[in-house]
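**Q** need coordinates for the below:
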Amino acid sequence: MTNGKGPAAGFALLLFAIAMGAAFQGAPSIGYAEECTNGEDDDADTFTDGLDDDCFNYPFKDGNGESHTPVPDRYNGDGYLSLFEYHRDYTGTPEQTANAVCFAGATGMYSPQDDSAAQAWVQANEVDCSGSGP
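**A** Coordinates of the predicted model:
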């Protein structure tokens with residue numbers, strides 16, 4: 001009689017871990033919605049891409065974007081691209097980018113990895129984020 005412990009159980013656990021690792025390896029990132037990266041005002045609110053409130057927080061293909069993705073279709077993927085990189089690359093002028101990055105950092109919008117990258121960017125660009133956020 002076996003109690004589920006020992007070499008067989010350890011081997012089964014190892015196989016499970018390998019299978020799970022292989023399943024998630026190389027999973028494609030969701031990417032950004034085209035309407036949040038095309039430089040156009042797709043919803044005619046006078047704002048484009050990273051300056052548009054509809055794209056600022058969730059510019060991802062399965063997020064809101066400018067066309068307001070229906071709720072059941074949102075956030076169904078596993079691999080999001082960097083929100084910091086989106087703000088850095090699609091917000092507009094250097095001043096607008098600095099404001100976006102500072103606000104997102106001050107309000108806790110970034111993942112820990114994005115927050116580290118944003119802080120490094122702020123230091124490298126000598127941006128003063130004091131007074132940012134609510």
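**Q** ok, Ala98 touching Glu126?
**A** No: using CB atoms under 8 Å, Ala98 is not in contact with Glu126, being 9.7 Å away. Placement of C-beta: from N, CA and C, glycine included.
**Q** between the two, which has more neighbouring residues?
**A** Relative neighbour count places Ala98 above the other of Ala98 and Glu126, with 21 against 7, counting by other CB atoms under 10 Å.
**Q** give the buried residues for the helix or strand containing the more buried one.
**A** Ala98 is part of helix 94-106 when elements are defined by DSSP states H and E. Of the residues in helix 94-106, those with enough neighbours to count as buried (16 or more other CB atoms under 10 Å) are 97-105.
**Q** dihedrals phi and psi, Tyr32?
**A** Dihedral angles phi and psi of Tyr32 (degrees, to the nearest 10) take the values phi -100, psi 150.
**Q** show me what contacts it?
**A** Taking CB atoms under 8 Å, 6 or more residues apart in numbering as the contact definition, Tyr32 lies against 59-61, 81, 86, 90.
**Q** which pair in those residues spans the largest distance?
**A** Distance extremes for these: the farthest pair is Lys61 and Tyr90 at 14.0 Å, using CB to CB.
**Q** those two: who's more crowded?
**A** Under the criterion of other CB under 10 Å, the comparison of Lys61 against Tyr90 puts Tyr90 first, with 22 against 19.
**Q** show me the shaky parts of the chain.
**A** Scanning the chain with the threshold set as pLDDT under 70 gives 1-27, 133-134.
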